[in-house]
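# Have a look; sequence and predicted model below, questions after that.
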There are 2 protein chains.
Amino acid sequence: MKKAKNLNFEQSYIVEGFSIAGPKEDKGNLTGLFDEVLDDDKCNECTFEKAEVAMFKKALYGVTNKAKLNVDDVDVVIGGDLLNQIVSASFAVRNLSPSFIGIYNACATFAESLLLGASLVNSRCYEKVMCISGSHFSTAERQYRYPLELGVLRSPVSQWTATGVGSTLLSSQGTPFNSRVTGGRFGRVVDYGTYDVNNMGAAMAPSAVDTLLNFFEMNGKSPKDYDAIYTGDLGLLGSGIFVDMLLKKGIDMEETRYNDCGGMLFSQKQMTLQGGSGAACSALVFNSLILNELKGNYRKVLLLGTGALMSPVTGFQGESIPCITHCVELSAGEPL
Amino acid sequence: MKKAKNLNFEQSYIVEGFSIAGPKEDKGNLTGLFDEVLDDDKCNECTFEKAEVAMFKKALYGVTNKAKLNVDDVDVVIGGDLLNQIVSASFAVRNLSPSFIGIYNACATFAESLLLGASLVNSRCYEKVMCISGSHFSTAERQYRYPLELGVLRSPVSQWTATGVGSTLLSSQGTPFNSRVTGGRFGRVVDYGTYDVNNMGAAMAPSAVDTLLNFFEMNGKSPKDYDAIYTGDLGLLGSGIFVDMLLKKGIDMEETRYNDCGGMLFSQKQMTLQGGSGAACSALVFNSLILNELKGNYRKVLLLGTGALMSPVTGFQGESIPCITHCVELSAGEPL
């Protein structure tokens, strides 16, 4: 099987990142790291869907304010979310000046936006691109699973869709002190034939393995070349499968600091079972913890955004769960 | 309001295009122009959704066969469709070797895929990119409107979601005889406050006007600089609004050959009211008629992919309809 090459970028600077999290998300392991925390996950709106749009708008203005720019200064917004027809991202940019590129790769959407954004600024198609992705527990539950009011018991292998939005501003212009997106790899769609829609970690782990193995094969590197590697939302169970599968392929994740954004986000006391998930999960952790680490201890980091590409309809029609993982390579700027 | 610049590409060659159409689509104005026509719009599958995936696969293999390539030779597939979680495109590439970039901008998805694909081959991120988009009348009707079995009367302003898939192979390598994607513009999300989900043409026309005006403003051109301009699926009513609005802005579409893919696809006798629509609409017309014209009479053509970004849920929650239009500039190769 022929394989596409890895991506390499010289001039994809990270200007700023912004994270807005729901109240529960701020009571987990990353308390205090988010730029903004909602008191009320309905954002004073009359539906959770409108609240999700409101969160997207806050993240959109949040990152431009933090970078001392106007939204008008952004050329293109690349984003998506988990709702049907990615309405949260689309509605958030309604009648604004930046162009919009709507994308969807489930919970890998944020990593997808970073790779596309980095490609477009690196090739000087645009100077400033905003990457944005998020999700809301209460909209996702009722769209993908059951009405919240039904109070359905959660499967022990399930995860908890994170409420939040993360936004990152990329630019073709930067200083040696800016962190950069220096490369990566768009993943292919991998389906190992799992059918349990509660167990996203098990479905997605083989796809994360596939992308990471191909990425390393193409650039001749291994975990020890990175200060940290993060998967998006494999959860506790899925991360274990991911590490085990890699070990059988001769890749030892003990050689680096490995963590899963979903596994880190919530604390065990919060009863999220296998941890966080959702398009917000890696977007939140990236735009808080990971960007901070790139300004501190870490020089080279990988983010593997993981996504499960089924829909409720494909589940009802007896289909297994195809998954995708996009790999983003990040490099710290010179220490200030 | 600051505006993003237009895109310009030097080396985004069109290797080949492929179109697969439903039986009704082949009985319209473009009879005989499609590469493949379905006898049965269920493709021998047990559900319409599975039939849509089967059509995507046929288009995926169809374009690579036509170009005398294997699917393995394609680096990345960029595509989407109208189903929730864009499952048709995602499921079609399951366990294949190319990477996958899932996108969604409703019926503007095909134009979006062409612009992203052209960006990625022009910047040499990849050598070969496949752009693919499509829709199916029977899956779209039951997802967006009513169960077909209900036999609901259609509104006189409505359009008919086309059944079909179009796929285009782009490459960074080509000859002077290949047509090329030479530029374009990602549109912004425009909402003029229309609420009638049956009248997509009226909702989308202002967004098509916005993108075309910005495109012309940035490159100093006008309709007479193009041999033909096509909108995606404004339909007959929407095209009229589009032409009227442009005339008030000083742009006379009489200076060129203007047509709407949705308006052309079906004949009046087929009772599709305002004409065709759907993510298949511009993908089908582009990969049959437009690519043929670029090999014959026409040197410079614009395709304006139009999309309405609402979902049934946003409609129920009282939201108006935000729309988007992406503009793709195409140039013919040297005559053979």
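Arrived safely. For clarity, every value in this text was computed on a predicted model and none was experimentally measured. Residues are numbered from 1 along each chain as shown, chains lettered A, B, ... in the order given.

# so residue A:223 makes contact with residue A:250?
No: assessed by CB atoms under 8 Å, residue A:223 is found out of contact with residue A:250, at 11.0 Å. Using the backbone N, CA and C atoms, a C-beta is placed for each residue, glycine as well.

# what residues are shared contacts of the two?
Residues touching both residue A:223 and residue A:250 (CB atoms under 8 Å, 6 or more residues apart in numbering or on different chains): there are none.

# Give the residue from those two that has the larger number of neighbours.
Taking neighbours as other CB atoms under 10 Å in any protein chain shown, residue A:223 and residue A:250 compare with residue A:223 leading, 19 against 8.

# Please report how far that one lies from chain B.
The gap separating residue A:223 from chain B is 22 Å, by CB to the nearest CB, to the nearest Å.

# check contacts around that residue.
The contact partners of residue A:223, taken as CB under 8 Å, 6+ apart, are A:229, A:251-253, A:255-256, A:258.

# which stretches of the stretch 201-336 of chain A form strands?
For the stretch 201-336 of chain A, the strands defined by DSSP state E, counting those that start in this stretch cover A:228-231, A:257-260, A:276-277, A:300-308, A:323-331.

# Minimum distance to residue A:179: which of the ones you listed has it?
Residue A:179 lies closest to strand A:323-331 among those, at 6.2 Å (CB to CB).

# Just the mean pLDDT for stretch A:208-216, thanks.
In this model, stretch A:208-216 has a mean pLDDT of 98.

# repeat for stretch A:293-309
Per-region confidence: stretch A:293-309 scores 96 on mean pLDDT.

# In chain A, which residue sits closest to chain B?
Closest residue of chain A to chain B, CB to the nearest CB: residue A:123 (3.3 Å).

# For that residue, which non-adjacent residue is closest in space?
residue B:123 (3.3 Å; CB to CB, 6 or more residues apart in numbering or on different chains).

# Point out the other helices and strands that the host helix or strand of residue A:169 packs with.
Per DSSP states H and E: residue A:169 is located in strand A:164-171. Contacts defined by 3 or more CB pairs under 8 Å, 6 or more residues apart in numbering or on different chains; DSSP states H and E place strand A:164-171 against strand A:13-21, helix A:48-66, helix A:109-122, strand A:128-135, helix A:279-285.

# for the residue nearest to the spatial centre of chain A, what are its contacts?
By CA atoms, centre = their mean, chain A has its centre lying nearest to residue A:282, at 3.2 Å. Counting by CB under 8 Å, 6+ apart, residue A:282 touches A:107, A:110-111, A:166, A:230, A:232-233, A:261, A:303, A:305-306.

# In the residues you listed, which residue is surrounded by the most others?
Highest neighbour count within those, by other CB under 10 Å: residue A:110, with 39 neighbours.

# State whether that residue and residue A:131 are indeed in contact, as I suppose.
Yes: Residue A:110 lies in contact with residue A:131 (CB under 8 Å); the separation is 6.9 Å.

# so where do the helices sit in the stretch 151-300 of chain A?
A:200-219, A:235-248, A:261-265, A:279-285, A:291-294 (DSSP state H, counting those that start in this stretch).

# ranking those by burial, who's on top?
Of all these, helix A:279-285 has the most neighbours on average by mean count of other CB atoms under 10 Å in any protein chain shown, namely a mean of 36.

# Enumerate every residue touching the closest residue in space to residue A:71 that isn't next to it in sequence.
Leaving aside its chain neighbours, residue A:71 sits nearest to residue A:64 (5.2 Å; criterion: CB to CB, 6+ apart). Residue A:64 makes contacts with A:70-71, A:73-74, A:130, A:169, as judged by CB under 8 Å, 6+ apart.

# how about a cut-off of 10 Å?
Residue A:64 makes contact with A:15-16, A:18, A:70-74, A:98, A:128, A:130, A:167, A:169 under the criterion CB atoms under 10 Å, 6 or more residues apart in numbering or on different chains.

# The residues you listed: which two are farthest apart?
Pairwise distances across the contacts of residue A:64 (CB to CB) peak at 17.2 Å, for the pair A:18 and A:72.

# between these two, which one's more packed in?
residue A:18 (28 against 14).

# My read is that that one contacts residue A:66, right?
Yes: if you go by CB atoms under 10 Å, residue A:18 and residue A:66 touch, sitting 5.5 Å apart.

# for residue A:335, phi and psi?
With angles defined as degrees, to the nearest 10, residue A:335 sits at phi -60, psi 140.

# That one: how many residues sit nearby?
When neighbours are defined as other CB under 10 Å, residue A:335 has 8 of them.

# And the pLDDT for it?
On the pLDDT scale, residue A:335 is placed at 86.

# hmm, back to that, anything in contact with each of residue A:18 and residue A:66?
Joint contacts of residue A:18 and residue A:66 (CB under 10 Å, 6+ apart) are A:35, A:167, A:169.

# Spatially, which residue comes closest to residue A:157, not counting chain neighbours?
Leaving out its chain neighbours, the residue that sits closest to residue A:157 by CB to CB, 6+ apart is residue A:199, at 4.2 Å.

# residues in contact with the one you found?
Residue A:199 is in contact with A:155-159, A:235, A:237-238, A:241, A:274, A:308, A:321, counting by CB under 10 Å, 6+ apart.

# again with residue A:261
Applying CB under 10 Å, 6+ apart to residue A:261 gives the contacts A:30, A:107, A:110, A:162, A:230-235, A:275-277, A:280-286, A:289-290, A:303-306.

# rerun at 6 Å
A:230, A:232, A:281-282, A:285 (CB atoms under 6 Å, 6 or more residues apart in numbering or on different chains).

# Which residues of the stretch 201-336 of chain A lie near chain B?
Counting by CB under 6 Å from any CB of the partner chain, the stretch 201-336 of chain A comes close to chain B at A:309, A:311, A:314, A:317, A:322.

# Give the closest residue to the second one in space, chain neighbours not counted.
Think residue A:311. Per CB to CB, 6+ apart, closest to residue A:311 is residue B:85, 3.9 Å.

# Now the one you found: phi and psi?
Dihedral angles for residue B:85 - degrees, to the nearest 10 - are phi 60, psi 30.

# hang on, residue A:149 is in a helix, isn't it?
Yes: according to DSSP: H, G, I helix; E, B strand; the rest coil, residue A:149 belongs to a helix.

# Now do the same for it: its pLDDT.
For residue A:149, the model assigns a pLDDT of 94.

# wait, what's in contact with residue A:122?
Contacts of residue A:122 by CB under 6 Å, 6+ apart are A:9, A:11-12.

# per-residue confidence for the nearest residue to it once chain neighbours are set aside?
Nearest residue to residue A:122, sequence neighbours excluded (CB to CB, 6+ apart): residue A:9, at 4.1 Å. If you check residue A:9, the pLDDT there is 98.

# Now do residue A:9: how many residues are near it, please.
23.

# I figured it hits residue A:118, correct?
Yes: if you go by CB atoms under 6 Å, residue A:9 and residue A:118 touch, sitting 4.9 Å apart.

# joint contacts of these two?
When contacts are counted by CB under 6 Å, 6+ apart, residue A:9 and residue A:118 are jointly contacted by residue A:181.

# for residue A:33, helix, strand, or coil?
Put simply, residue A:33 is coil when judged by three-state DSSP.

# these two touch, right, it and residue A:287?
No: shown here, residue A:33 and residue A:287 do not form a contact pair, counting by CB under 6 Å, at 9.4 Å.

# And the two? Which one has more around it.
residue A:287 (32 against 18).

# OK, contacts around that one?
By CB under 6 Å, 6+ apart, the residues touching residue A:287 are A:17-19, A:166.

# ok, now residue A:166?
Applying CB under 6 Å, 6+ apart to residue A:166 gives the contacts A:19, A:283-284, A:286-287.

# can you tell me which of these lies nearest to residue B:297?
Using CB to CB, those come closest to residue B:297 at residue A:283, 48.0 Å.

# The residue lying closest to the closest one once chain neighbours are set aside pairs with what?
Leaving out its chain neighbours, the residue that sits closest to residue A:283 by CB to CB, 6+ apart is residue A:166, at 2.9 Å. Assessed by DSSP bridges, residue A:166 has beta-bridge partners residue A:19, residue A:133.
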